[in-house]
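**Q** Here is a sequence with its predicted model. Questions after.
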Protein chains: 4
Amino acid sequence: RRQCWWPKMILREKYSLNTASYTDSSDDETSPRDKQQKNSKGNGDFCIKNIKQADFGRREIEIAEQGKHSRLSSLRIQSSEPRYHCKQKKTPPLSSSPQVLMETLSALGAQCRWAACNIYSTQNEVAAALAEGGETRVFAWKGESEDDFWWCIDRCVNVEGWQPNMILDDGGDLTHWIYKKYPNMFKKIKGIVEESVTGVHRLYQLSKAGKLCVPAMNVNDSVTKQKFDNLYCCRESILDGLKRTTDVMFGGKQVVVCGYGEVGKGCCAALKAMGSIVYVTEIDPICALQACMDGFRLVKLNEVIRQVDIVITCTGNKNVVVRENLDRMKNGCIVCNMGHSNTEIDVASLRTPELTWERVRSQVDHVIWPDGKRIVLLAEGRLLNLSCSTVPTFVLSITATTQALALIELYNAPEGRYKQDVYLLPKKMDEYVASLHLPTFDAHLTELTDEQAKYLGLNKNGPFKPNYYR
Amino acid sequence: RRQCWWPKMILREKYSLNTASYTDSSDDETSPRDKQQKNSKGNGDFCIKNIKQADFGRREIEIAEQGKHSRLSSLRIQSSEPRYHCKQKKTPPLSSSPQVLMETLSALGAQCRWAACNIYSTQNEVAAALAEGGETRVFAWKGESEDDFWWCIDRCVNVEGWQPNMILDDGGDLTHWIYKKYPNMFKKIKGIVEESVTGVHRLYQLSKAGKLCVPAMNVNDSVTKQKFDNLYCCRESILDGLKRTTDVMFGGKQVVVCGYGEVGKGCCAALKAMGSIVYVTEIDPICALQACMDGFRLVKLNEVIRQVDIVITCTGNKNVVVRENLDRMKNGCIVCNMGHSNTEIDVASLRTPELTWERVRSQVDHVIWPDGKRIVLLAEGRLLNLSCSTVPTFVLSITATTQALALIELYNAPEGRYKQDVYLLPKKMDEYVASLHLPTFDAHLTELTDEQAKYLGLNKNGPFKPNYYR
Amino acid sequence: RRQCWWPKMILREKYSLNTASYTDSSDDETSPRDKQQKNSKGNGDFCIKNIKQADFGRREIEIAEQGKHSRLSSLRIQSSEPRYHCKQKKTPPLSSSPQVLMETLSALGAQCRWAACNIYSTQNEVAAALAEGGETRVFAWKGESEDDFWWCIDRCVNVEGWQPNMILDDGGDLTHWIYKKYPNMFKKIKGIVEESVTGVHRLYQLSKAGKLCVPAMNVNDSVTKQKFDNLYCCRESILDGLKRTTDVMFGGKQVVVCGYGEVGKGCCAALKAMGSIVYVTEIDPICALQACMDGFRLVKLNEVIRQVDIVITCTGNKNVVVRENLDRMKNGCIVCNMGHSNTEIDVASLRTPELTWERVRSQVDHVIWPDGKRIVLLAEGRLLNLSCSTVPTFVLSITATTQALALIELYNAPEGRYKQDVYLLPKKMDEYVASLHLPTFDAHLTELTDEQAKYLGLNKNGPFKPNYYR
Amino acid sequence: RRQCWWPKMILREKYSLNTASYTDSSDDETSPRDKQQKNSKGNGDFCIKNIKQADFGRREIEIAEQGKHSRLSSLRIQSSEPRYHCKQKKTPPLSSSPQVLMETLSALGAQCRWAACNIYSTQNEVAAALAEGGETRVFAWKGESEDDFWWCIDRCVNVEGWQPNMILDDGGDLTHWIYKKYPNMFKKIKGIVEESVTGVHRLYQLSKAGKLCVPAMNVNDSVTKQKFDNLYCCRESILDGLKRTTDVMFGGKQVVVCGYGEVGKGCCAALKAMGSIVYVTEIDPICALQACMDGFRLVKLNEVIRQVDIVITCTGNKNVVVRENLDRMKNGCIVCNMGHSNTEIDVASLRTPELTWERVRSQVDHVIWPDGKRIVLLAEGRLLNLSCSTVPTFVLSITATTQALALIELYNAPEGRYKQDVYLLPKKMDEYVASLHLPTFDAHLTELTDEQAKYLGLNKNGPFKPNYYR
């Protein structure tokens, strides 16, 4: 292995592989922290639910790869793109799901340690498969407690004789932990790649305050990832999440969607297409005007709260739906969050003695008012698309490829290219991620002629658009 | 109880209640036919999986009613509609799910016996709840064998000291059984209500051949039921069924839909809205022209079979997708049936030695060619919407209300109104079913003024359209 | 010419050819009735605006044929369809626009006389071209008075030494006129083909009252014609008509559509797709429920009249929008009619002294209230799609082909097939019309295998659906 | 008038007012340059078609304002927004059409001279109304020659005793002219506001080359303007332009759209919604992937050129459709350009002896191949949306308001805020433009609570998004 790409990273990942993530029968009640497990190679540097599930998890990974995006497995880091070239004999495929991302990074020479970014998002079988593989050290299981959560992160960071030099974070908790507990560690870290809105927000705040001490790449705002993670993915997962939990019929339903960013746009488009009547709330006049032009009534929440059948939050904000709103909803109203962690709906306000909670299915609670009115609360206000739906492997592939390219770019960049600031993924790489995924659709890109390239003042290989273009 | 409505019926039902129908963990392997069970009242005239599941099933019914269509429970047979009036003190609600249909019919005075119309469609818990209730005699469980299936039907028909006078059939198997085994029974039967395409088709054939010996009501072709069962329901269930089984992303996928009737129209509209590229095959030039105008390329299957990602059959025909087509599909192609029983895809042709079958999840098989190509076959070619999705209670309510009104009409009709022929539900009743469901949407119907009614030559209360209007 | 098809017909046509219909510079003020004109062959048995416009009109016809549907000109009455076969040496194309219909009928051996069905719908140039052709006797011009209108009809009927034996009517005025003035004429008439809702309604009333004395074919309700004339055509012409008259932007506009039949469905779908927020009013609960499921709020007109930007009537009813509604509309509200003649909006109620009318463009009036509020009334409440938009030649071709087949069927039918009643076009012919138009879309119909036809109990050449299927 | 806003500007405008722009009967053949005209105040410093049309033009402006966006006339430069405050007693409305823009700027104290940016885009009546008003000096008429075009620009610039200090350009021709002829003039110019892609491109090139000598504001890329000018406007005008010129039916038509930027997205969405089958070509993989996810087949032009009915260019590139493509199109294919000036279709290549051109209507040519094949070329390859459609006053208002705010910002900015570079409109102003237009839709914006603003780290009044957010 050559020097050029031999990072030691800590990874935190949001998405589990889909297959069995929705129905989970965990019979074993022992905490993983209390178990002694080893993989078949005798290695015990991991902490997961059950190493015996590794075979099943491996098969799930293979099925996902096989059934859907087998073409991705032929993608390679092209030697014609020396920028991303790693001078290895065997260049593995760059792609697909987070698991494949980790294995890809390992194959490229990285030593990785992995913690989950969400206490529910880990699929135990897949974690077992990774632990069994042995390249990536995994500390994650489904249903961690708050304490478990930070313990797992610490197990990734605090390792004797091992020091990370790259961070791939999702939500910023890991970055935060190192800042707080091990600030000296940043001396050897070459960069942070962050993929969540929240994490990016924190990085910009650090940068503004002059406290950011390494370069950071904001991959959340890369065009390709944005469109897929938010617009295209949510357009499908809002329907999937609602159906799996409530079997609701969409036709004729009145729905209010709070927030008309990319997530809101996806939710609104899907529900409108299925015959729902959709209202939108917004704070930003530009997004608000777009909602109008797309055919949605722009309202304040209180104007429609009594009449709607479904309330969906997609704002990234907090307390968008508060107790006062919940009190006014009609019987049977479904409330869920597609936006940001669990802040958007003030679920805490529902934990009062006069209200009865009834768990009717996994991820579905009926909250019952004294007069018998029931609100159907999904995933206790956590992200519906992660809790009650699945993320298509195609989207995972977009995200993973973007992350991998960002990690490689930060690690390999000549000194001075990146300073202690937050950067967007260079447009050309963004375009590269997109072009790697076009063959899936049998899509045929047109090439500029020399004459046209000259006329437009562009390089024939891109970048084709200014950085601010979306 | 008055004479006017005191039928003894045999019912066969397609739909289970939705809630837990998709994931089912049946640990008990004993055949229900070998069990001796009694409900809490000591009655043992039923045959189901497990009477102990009654409480759970009862709760599921209540939740479905509560959570979604609680308004339906206030619907009543209006005294202002004397045609449907039954002169009972306590008129129960007319509506909602099949279970509620049965309880409603019982409450109206009917003695009912129930068999399933599909070996997989019964939800054991709900069957238990009905058996426990005791009014309806239930003979059905999930996963019946072919032999069990006919045995259950026979248990409904062949009862000592009991003779049915009304039949509610779905698929025509019950009608067929009586014709074959107990033809004399028809002497006391006042009518058949049939709700499936297949069953209706058989009835028309009987009628044409002069062999239909009782009046029959074709409720399959009532406008309201048609639109909901087919167009509106399939528009949602095609997405739901595909997501739950394969987690496929719809955006950019190439799909061919065979058949552009109401089911095909629903599937095409939904997939187009989700960003799929949809091709259509048709035999009927009128439907074909509609597909063109709706923006779908009309092709023969072979023109696109090599390139599509998903194949969906909705024709009501047989052998629409044959081995030759399957041989030419690309790796990973998903194949499923939304149309009619299990005839549309020639699944038998895939049971050959050179092909390997691999069950990857419930209802999902990979069929593997010698060169490694995999086809993803859903529900072994049976109906995707019944096997892998759920039917919204709203649609069930439309269907159940239509069936109930048809039963009442046939039973109560003065002699001579219906002869030994197949009838469509009278338009006025069709409109009545629709109007009962409008309040769910807070929809406000406009009433004709006297002057307008006169101008149009219509009664202010309908019917508003000629019978052939759709 | 053989006996089999040698009818003498009277035709009344709604649609003009499109090309120049919107902008019309009629400089000549003399009434056509006061002019003496002859065509180049010396024939003067017509009454039109100006025979000199014939060349221009001929060229317009040719351009329309050439530019858009040149494929239609190769359609022929197939000898493989002996039912429609006329045993002529030279069988002309069956198709396209009304003008081509007339020329086709003439070529098939018919002697035709033509009056318009609407005082504004005639395109003078095309009328001139037909008059010059000489085969069809034309009595029609744009901008006839009420008196002119009936005079023209009478000129078609009341001809010395000529007696019609077939009637093609649109609106029923011609039929009405013969009933009233020349009832004896029906003795030699073999049938009436009627294509409008109104005309069909009158025929059913005649039939019900036992007064219909010849067979009549209701082509208005043939599936193909219905879908094209109403759903598909109005989906486009509502946008076209509004744009040409008002240049209104659709995005974000609030619109109420009165009536959710095929026309309303087309209007709603188009406006929704363009980003309008659409409300629907309905009297029929079945159509109302469809509106709900398609994502439209079902309201009474008064609930939204103050807030909407556009009001569109598509009911076929009268006084759907009355003065009270108009008084409550907001400033700038656009009001138009897509439904039925000019009865839907009570325009007469606006002819009061306190309101000022201002003609701002052709077909656009501002009606101004004392407080300065303006209502934008289009086409004085007449049909927007005919007055301010154009009808695609493709739709004209569907209609004309349907009419021609209906005429041929009624004329050629063996005695006894049709009695003194109103008939729908036989399904098989309806399918034939559709199949003749598929090549335009390069659409490839699938054929049933013998095995499939047998399974379905169908003839491989159709009809494929029962008559009530839509 | 206060010093703060007293610019002398030169304006160049693309859009005419809509009303009569499509049908134009210019009887007078004298060149405006050869006429001596004065307005009623005796002022002759203008050059237009006919000053007598002023009354008609004035009425057109009033009708446009009245009929559609009367609410805009109550918009004011809010005193609560001191940044845009001009400290005048009577602040006129800021809004609506270009004409109102000019009058608004005049009322704010500006002395303006106006030339057209396109030889066909001027509506003579409106130019007359402005000339009559006398505040703005107008040099423009419909149908200028190339020489006239530059003469008009020169008449705006080269004025004795008058020196501009602000430039509002559209296309960059004016900027180019001053650079070439009067470079010294830039010493007193405080800034350039440019609204076209081409003009902006030239400015960036100047900036890159270090030749830009004043600050320039790129308003083309402001989010609000982009979305309306491109996405929302083209979504409607593609349908309008095609209908008015060809009366084509969209349903079932096969269309290829070259380019999937905002214009292409608008065209594709509209045509898909109307039932067309749409193919897309792209060079940029990011836009290409979006086309796939939105349900369009991504192809190279040659793959579909033989089969499509309509070809639309929206690339901003040159020679996208060349003679080789045109040779392969099928008979009747419609070709038009929605993208950029007249470079996209190589129209010059059609001016060869073997091809016959036939003008069939205004803006519609048939180009006829030796074998009789006809291509329908619209607007000779110029912009369809400007030549054959209208621009809604709402969109004009967005553009005009954006331009006005940019002019005010550049003129009033404290020294040093803007250097000799190209700037995007500040996000906050972009949001302000949007918020001014929300009342048209009766849209109700939600306001952040203090707690929420703090949580998000935002000012409650915006800007709400980072500058790169689209």
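**A** Yep, that arrived. Nothing here was measured: the structure is a model prediction, and the numbers come from that model. Numbering: from 1, shown residues only, chains lettered A, B, ... in the order given.
**Q** I'd like to know how far residue A:229 sits from residue A:195.
**A** Computed as Cβ to Cβ, to the nearest Å, the residue A:229 to residue A:195 distance reads 8 Å. Yep, even glycine has a C-beta here, placed from its N, CA and C like the rest.
**Q** just for chain A, where's the confidence low?
**A** Within chain A, the stretches with pLDDT under 70 are A:1-8, A:11-28, A:63-100, A:470.
**Q** Following the record's annotation, map out the domains of it.
**A** A:38-225+A:393-428, A:231-388 (the TED database).
**Q** now, of those domains, which is deepest in the fold?
**A** domain A:231-388 (a mean of 22; mean count of other Cβ atoms under 10 Å in any protein chain shown).
**Q** just checking, residue A:357 touches residue A:369?
**A** No: checked against Cβ atoms under 8 Å, the pair residue A:357 and residue A:369 is beyond contact range at 11.4 Å.
**Q** Dump the domains of chain A to JSON lines, plus distance to chain C.
**A** Formatted as JSON lines, the entries for the domains of chain A read as follows, by distance: least, Cβ to the nearest Cβ, whole Å:
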{"stretch": "domain A:38-225+A:393-428", "distance to chain C": "24"}
{"stretch": "domain A:231-388", "distance to chain C": "4"}
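**Q** out of those, nearest to chain B?
**A** Among the domains of chain A, the nearest to chain B by Cβ to the nearest Cβ is domain A:231-388 (3.3 Å).
**Q** With residue B:62 as the reference, measure out to the closest residue to residue A:364 other than its chain neighbours.
**A** The spatial neighbour of residue A:364 that comes closest, neighbours along the chain excluded (Cβ to Cβ, 6 or more residues apart in numbering or on different chains), is residue A:245 at 5.1 Å. For residue A:245, the distance to residue B:62 under the criterion Cβ to Cβ works out to 18 Å.
**Q** Please apply the same query to residue A:34.
**A** According to Cβ to Cβ, residue A:34 stands 40 Å off from residue B:62.
**Q** for residue A:360, phi and psi?
**A** Torsion angles at residue A:360 (phi, psi; degrees, to the nearest 10) stand at phi -100, psi -30.
**Q** Surely it and residue A:366 touch.
**A** Yes: using Cβ under 8 Å, residue A:360 and residue A:366 qualify as a contacting pair, with a distance of 5.5 Å.
**Q** Give me the contacts around stretch A:141-161.
**A** Contact with stretch A:141-161 is made by A:10, A:12, A:16, A:24, A:26, A:31-33, A:47-49, A:113-116, A:119-124, A:127, A:137, A:139-140, A:164, A:173-174, A:177-178, A:181-182, A:185, as judged by Cβ atoms under 8 Å, 6 or more residues apart in numbering or on different chains.
**Q** Mind doing that once more with 6 Å?
**A** Residues from elsewhere that reach stretch A:141-161, judged by Cβ atoms under 6 Å, 6 or more residues apart in numbering or on different chains: A:10, A:32, A:48-49, A:113, A:115, A:119, A:122, A:124, A:139-140, A:174, A:177.
**Q** cool, and stretch A:410-423?
**A** Outside of stretch A:410-423, the residues that reach it under the criterion Cβ under 6 Å, 6+ apart are A:7, A:166, A:190-191, A:203-204, A:207, A:212-213, A:215-218.
**Q** Flag every residue of chain A that's near chain B.
**A** Those residues of chain A that sit near chain B, judged by Cβ under 6 Å from any Cβ of the partner chain, are A:18, A:23, A:63, A:67, A:232, A:239-240, A:243, A:247, A:249, A:251-252, A:273, A:332, A:360, A:376, A:390, A:392, A:394, A:441.
**Q** could you pull out the strands for the stretch 301-450 of chain A?
**A** Taking DSSP state E, counting those that start in this stretch, the strands of the stretch 301-450 of chain A run over residues A:310-313, A:334-337, A:356-361, A:364-368, A:374-378, A:422-424.
**Q** for the longest one, packing partners?
**A** Meaning strand A:356-361. Where contact means 3 or more Cβ pairs under 6 Å, 6 or more residues apart in numbering or on different chains; DSSP states H and E, strand A:356-361 is packed against strand A:364-368.
**Q** So which elements touch the strand it packs on?
**A** In terms of contact count using 3+ Cβ pairs under 6 Å, 6+ apart, strand A:364-368 is assigned the packing partners strand A:356-361, strand A:374-378.
**Q** Recalculate using a threshold of 10 Å.
**A** With contacts defined as 3 or more Cβ pairs under 10 Å, 6 or more residues apart in numbering or on different chains; DSSP states H and E, the secondary structure elements packing on strand A:364-368 are helix A:233-246, strand A:334-337, strand A:356-361, strand A:374-378, helix B:54-67.
**Q** May I see these organised as a markdown table, with distance to residue A:132 added?
**A** As requested, the helices and strands packed on strand A:364-368 are arranged in a markdown table below (distance: least, Cβ to Cβ, whole Å):
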| stretch | distance to residue A:132 |
| --- | --- |
| helix A:233-246 | 29 |
| strand A:334-337 | 35 |
| strand A:356-361 | 32 |
| strand A:374-378 | 34 |
| helix B:54-67 | 38 |
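**Q** Would you mind naming the residues that bridge with residue A:9?
**A** With beta bridges defined as DSSP bridges, residue A:9 has these partners: residue A:112, residue A:166.
**Q** who touches it in this structure?
**A** Contacts were defined as Cβ atoms under 10 Å, 6 or more residues apart in numbering or on different chains; by that measure residue A:9 touches A:102, A:105-106, A:110-114, A:136, A:156, A:164-168, A:189-190, A:193, A:407, A:411.
**Q** What's the separation between it and chain D?
**A** In this structure, residue A:9 lies at 27 Å from chain D, with Cβ to the nearest Cβ, to the nearest Å as the measure.
**Q** For that residue, give its distance to residue A:121.
**A** If you measure residue A:9 against residue A:121 using Cβ to Cβ, the figure is 19 Å.
**Q** Which secondary structure state does the closest residue to residue A:238 other than its chain neighbours sit in?
**A** Excluding the flanking residues, the one nearest residue A:238 by Cβ to Cβ, 6+ apart is residue A:267, at 4.4 Å. Under DSSP: H, G, I helix; E, B strand; the rest coil, the three-state class of residue A:267 is helix.
**Q** so residue A:267 makes contact with residue A:315?
**A** No: counting by Cβ atoms under 10 Å, residue A:267 does not reach residue A:315; the two are 11.6 Å apart.
**Q** which neighbours do those two share?
**A** Jointly contacting residue A:267 and residue A:315 under the rule Cβ under 10 Å, 6+ apart are A:257-260, A:338-339.
**Q** okay, those in JSON lines with distance to residue C:325 next?
**A** Converted to JSON lines, the shared contacts of residue A:267 and residue A:315 look like this (distance: Cβ to Cβ, whole Å):
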{"residue": "A:257", "distance to residue C:325": "32"}
{"residue": "A:258", "distance to residue C:325": "34"}
{"residue": "A:259", "distance to residue C:325": "36"}
{"residue": "A:260", "distance to residue C:325": "33"}
{"residue": "A:338", "distance to residue C:325": "40"}
{"residue": "A:339", "distance to residue C:325": "41"}
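**Q** For residue C:403, find the nearest of the domains of chain A.
**A** domain A:231-388 (35.8 Å; Cβ to Cβ).
**Q** Which strand or helix spans residue A:37?
**A** When secondary structure is defined using DSSP states H and E, no element contains residue A:37, which sits outside every helix and strand.
**Q** number of nearby residues for it?
**A** Number of residues near residue A:37 (other Cβ atoms under 10 Å in any protein chain shown) recorded here: 16.
**Q** Excluding chain neighbours, what is closest to it?
**A** residue A:51 (4.6 Å).
**Q** same thing with residue A:442?
**A** With Cβ to Cβ, 6+ apart as the measure, residue B:307 is the residue that lies nearest to residue A:442, at 6.6 Å, once sequence neighbours are left out.
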